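# how does the following fold in three dimensions:
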Amino acid sequence: MITSGMPRRFPHVYRGRCFCGSIRVSFEAHTPPRATPLRSCTCTFCLKHGARNTSDPEGRARLEIRRPGRLSRFDFRPQTGGRLLCGFCGAYVATARCIGGRWLATINVNALDRTQEFTQRPRLMDYSGESAAETRARRAAKWTPAEIVLRKR
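Next up is the predicted model:
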């Protein structure tokens, strides 16, 4: 579960899912959508998916996997984080990683219900020069604390 020292209410709550509903996301943040900074990684995966990611280290995220058999994970580099995609409908929802004993995530705002409200132009990011340790440290500092819930039918 998310750490207990965090506030229980956030001024902005966003919900979303993959197209078929197998992966659902709830993202709670302090920033309104029009002011939320977006990032777009320059790796071929993010470019091909048109990803626009965001995170709030003071917020929280919940990723609910309703059909675990449809969950697909993709990683360029082992040990750095897994992109969560629906293996049925193909939607890229988030990237999540357990770092220091806690789950952290960055959310693809294209998977959120109110995606059109996120109007900031994504900042292009090139992480190709980072070591795996640098990647984990950056994510630990900037990503959103997350809870991953697997539902069994």
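
# look up the closest residue to His49, ignoring the ones flanking it.
Spatial nearest neighbour of His49, chain neighbours left out: Tyr92 (4.6 Å); criterion: Cβ to Cβ, 6 or more residues apart in numbering. C-beta coordinates here come from the backbone N, C-alpha and C atoms, glycine included.

# who does the one you found bridge with?
Beta bridges link Tyr92 to Leu85 when assigned by DSSP bridges.

# show the pLDDT at it.
Per-residue pLDDT puts Tyr92 at 92.

# low pLDDT regions in this structure?
Across the chain, the ranges flagged by pLDDT under 70 are 1-8, 72-81, 153.

# make it 80
Regions of the chain meeting the criterion pLDDT under 80 cover residues 1-9, 68-81, 83, 152-153.

# strands along that one, start to end?
Ranges of strands in the chain, per DSSP state E, are 12-17, 23-29, 39-41, 53-54, 60-65, 71-74, 82-86, 92-99, 102-108, 123-125, 144-150.

# what's the closest of those to Thr135?
Proximity to Thr135, assessed across the strands of the chain by Cβ to Cβ, is greatest for strand 92-99 (9.0 Å).

# what helices and strands are in contact with the closest one?
Applying 3 or more Cβ pairs under 8 Å, 6 or more residues apart in numbering; DSSP states H and E, one finds that strand 92-99 contacts strand 23-29, strand 60-65, strand 82-86, strand 102-108, helix 132-142, strand 144-150.

# off-centre distance for that strand?
Centroid separation between strand 92-99 and its chain, computed with Cα atoms, centre = their mean, to the nearest Å, is 5 Å.

# list the buried ones in it?
For strand 92-99, the neighbour count (16 or more other Cβ atoms under 10 Å) marks Tyr92, Val93, Ala94, Thr95, Ala96, Arg97, Ile99 as buried.

# which one of those residues is nearest Leu71?
Nearest member of those to Leu71, counting by Cβ to Cβ, is Val93, at 9.6 Å.

# with adjacent residues omitted, what lies nearest to the closest one?
Ala111 (4.4 Å).

# wait, isn't the one you found in contact with Cys89?
No - under the criterion of Cβ atoms under 8 Å, Ala111 makes no contact with Cys89, lying 10.7 Å away.

# anything in contact with each of the two?
Shared contacts of Ala111 and Cys89, defined by Cβ atoms under 8 Å, 6 or more residues apart in numbering, comprise Cys18.
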